[in-house]
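[1] Got a sequence here, can you model it:
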Amino acid sequence: MARKTSSAIMRSRCLGIALLTLLCVAQPPSQAAEPKLERVVMVSRHGVRAPSASATALEARTGRPWPPFPVESGELTPHGAEALSRMGAYLRSVYAKAELLPETGCPAVNAVQVWADGAANRTRRSGQVLADAIVPGCGLVARHGPVGALDPVFDSGRVCPLDPAEALAAVQGRTAGGFAVTDKASEKAIAALKRVLGPAACKTVPAACLDGPSTLVATPTGPKIEGPLALAATVSENLLLEYAEGLPADQVAWGQGVPETLAAVLPAHRRAADLLRRTPEIATFRAATLLRMLADLLQGEAPRGLGVPPLGASARLVVLAGHDTTLSNLSGALGLGWSLPGQPDPTAPDTTLAFEVWRHAETGRRTIRIRIFAQTLDQLRSVRALGPQDPPVSLPLTIGICPARDGGCDLEMFTTKVRAALPPVCVR
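    Residues are numbered from 1 along each chain as shown. Predicted structure coming up:
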């Protein structure tokens with residue numbers, strides 16, 4: 001009897017060992033833990049504004065009457081504030097899902113900080129709109145520098161100015177023969193805008209004919225474009241603002257402002273912005289303070305240097321409310337490029353660059369990923385809520401100055417390259 005029991009026990013043990021071996025073999029190899037989002041710095045353009053020139057001034061330049069906006073020239077509109085709030089609420093949902101923000105309630109003190117360009121009312125107001133939308137009900141105040149004063153975070157050009165002759169030469173180096181300011185896309189856009197303005201405008205204001213060469217000239221603050229491209233760039237952007245503001249269809253581009261028309265004329269604005277704001281030599285000078293601050297914040301350090309705002313190292317989310325020029329300068333300095341489905345203006349109102357730091361638990365290595373968020377033309381016009389069923393455009397960007405690996409660029413490499421690219425005169 002004892003022998004039988006012993007045999008049964010042995011068989012049971014063998015069966016157990018066999019089953020354990022089978023389970024071990026069948027068990028899939030453990031997967032590496034997903035990286036965790038550690039912090040984010042967002043740089044946003046302000047919301048929809050009125051044209052910076054008055055309707056009277058625009059009519060004098062184009063020979064066509066311009067519709068009124070509900071606010072003074074250059075100011076954020078109520079419609080623009082609402083659309084920006086929609087974007088802020090969507091960004092909150094994205095980063096709450098990523099566990100950077102609490103799903104409900106308020107974050108820890110100073111965990112979220114907002115800094116706006118104090119030079120313009122539209123950016124100061126936009127900063128507060130974003131603060132209220134990203135951490136609603138928490139009383140977060142968007143801070144800014146002295147009202148109306150130059151803030152080097154959003155334009156270092158006057159703190160460490162680039163020599164005008166060098167800036168002009170840098171732009172000329174990106175044009176055919178140094179003088180061909182327009183390219184094929186912008187030439188087609190100028191021709192399209194000429195059809196929109198019509199012969200009546202041309203007879204009233206000769207410049208509205210959009211004929212003749214577009215030229216680059218040097219000014220004390222940097223290169224400037226004169227001629228048809230300059231006018232086309234301004235007019236096409238203002239037509240987009242009319243559409244985004246939700247003006248009646250018969251008032252947008254004099255009844256011709258359908259999205260297809262806007263897409264046809266906006267390459268003029270893109271070309272001018274590309275030359276004057278994205279040329280790397282110019283972009284690096286204009287964004288120098290911001291670039292240095294980004295490098296510090298992304299590494300979890302308090303920003304240093306001349307003119308930086310008092311932002312703390314404890315911030316997990318920093319929001320900077322700036323301009324389209326801010327986005328263009330960062331694009332040129334960092335080698336970023338993008339095209340937005342449904343949005344012909346790559347730096348349209350509310351467009352946001354998100355610099356994300358991800359930490360890999362196994363190695364402690366940190367990588368940076370850059371994403372862009374932008375509303376389509378119709379989302380801006382309708383100011384409808386954004387969500388999983390109707391999200392804004394969201395795209396990962398390739399970082400030209402830093403090769404990506406494992407879905408991101410090594411943070412240490414990124415910040416080293418950013419700091420190395422800063423003009424020495426700007427590092428004080």
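[2] List the residues that contact the residue lying closest to T284 once chain neighbours are set aside.
    Distances taken as CB to CB, 6 or more residues apart in numbering place A333 nearest to T284, at 4.6 Å, with adjacent residues excluded. Yep, even glycine has a C-beta here, placed from its N, CA and C like the rest. Taking CB atoms under 8 Å, 6 or more residues apart in numbering, we find A333 in contact with P280, A283, T284, A287, L291, A421.
[3] separation between the fourth one and L397?
    From A287 over to L397 the distance is 16 Å, taken as CB to CB, to the nearest Å.
[4] And for the third one?
    As defined by CB to CB, T284 lies at a distance of 18 Å from L397.
[5] who's more crowded, these two?
    Shown here are T284 and L397; by other CB atoms under 10 Å, T284 has more neighbours (21 against 18).
[6] Which ones among the contacts of A333 map onto helices?
    Members of these lying in helices (criterion: DSSP state H): P280, A283, T284, L291, A421.
[7] what's the farthest-apart pair in these?
    Longest distance between any two of the ones in helices among the contacts of A333 is 11.8 Å, between P280 and L291; criterion CB to CB.
[8] neighbour-wise, which of those two wins?
    In this view P280 and L291 are compared by other CB under 10 Å, and L291 has more residues nearby, 22 against 18.
[9] Spatially nearest residue to that one, not counting backbone neighbours?
    V418 (5.3 Å).
[10] Pretty sure that neighbour sits against A295.
    Yes. Using CB atoms under 8 Å, V418 makes contact with A295 at a distance of 4.7 Å.
[11] In the stretch 251-400 of the chain, mark out all the helices, start to finish.
    259-277, 280-286, 288-298, 324-334, 377-382 (DSSP state H, counting those that start in this stretch).
[12] try the stretch 51-200 of the chain
    55-62, 78-97, 121-134, 164-172, 184-204.
[13] Kindly reformat those helices as a markdown table containing mean pLDDT and distance to G255.
    Output for the helices of the stretch 51-200 of the chain, formatted as a markdown table (pLDDT from 0 to 100; distance: least, CB to CB, whole Å):
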| stretch | mean pLDDT | distance to G255 |
| --- | --- | --- |
| helix 55-62 | 96 | 15 |
| helix 78-97 | 98 | 20 |
| helix 121-134 | 98 | 28 |
| helix 164-172 | 93 | 36 |
| helix 184-204 | 95 | 10 |
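[14] Just name the most buried of the ones you listed.
    Mean neighbour count (mean count of other CB atoms under 10 Å) peaks for helix 121-134 among those, with a mean of 24.
[15] what's the angle from that helix to helix 78-97?
    With axes from the mean of the first three to the mean of the last three CA atoms, to 10 degrees applied, the angle from helix 121-134 to helix 78-97 works out at 40 degrees.
[16] okay, the angle between helix 121-134 and helix 324-334?
    Going by the same axes, to 10 degrees, helix 121-134 makes 80 degrees with helix 324-334.
[17] Dump helix 121-134 to CSV, keeping only the CA atoms.
    Coordinates of each C-alpha in helix 121-134 appear next as CSV, following Å, rounded to 0.1, in the frame of the first residue of the first chain:
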residue,chain,number,x,y,z
ASN,A,121,-3.7,92.3,-24.9
ARG,A,122,-4.7,89.4,-27.2
THR,A,123,-1.9,87.2,-25.8
ARG,A,124,-2.6,88.2,-22.2
ARG,A,125,-6.2,87.3,-22.6
SER,A,126,-5.4,84.1,-24.5
GLY,A,127,-3.1,83.0,-21.7
GLN,A,128,-6.0,83.4,-19.2
VAL,A,129,-8.4,81.5,-21.5
LEU,A,130,-6.0,78.6,-21.6
ALA,A,131,-5.5,78.7,-17.9
ASP,A,132,-9.2,78.5,-17.2
ALA,A,133,-9.7,75.7,-19.8
ILE,A,134,-6.8,73.5,-18.8
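[18] by contact count, what packs against it?
    helix 78-97, strand 112-116, strand 143-144, strand 317-322 (3 or more CB pairs under 8 Å, 6 or more residues apart in numbering; DSSP states H and E).
[19] Show residues contacting it.
    44, 46-47, 49, 74-76, 81, 84-89, 91-92, 101, 112, 114-118, 140-144, 147, 154, 317, 319, 321-323.
[20] before we move on, what about stretch 80-97?
    Against stretch 80-97 from outside (CB under 8 Å, 6+ apart): 37, 40, 42, 44, 46-49, 76, 101-103, 125-126, 129-130, 132-136, 244-245, 317, 349-350, 352, 354, 373, 375, 379-380, 383-387, 391-392, 394.
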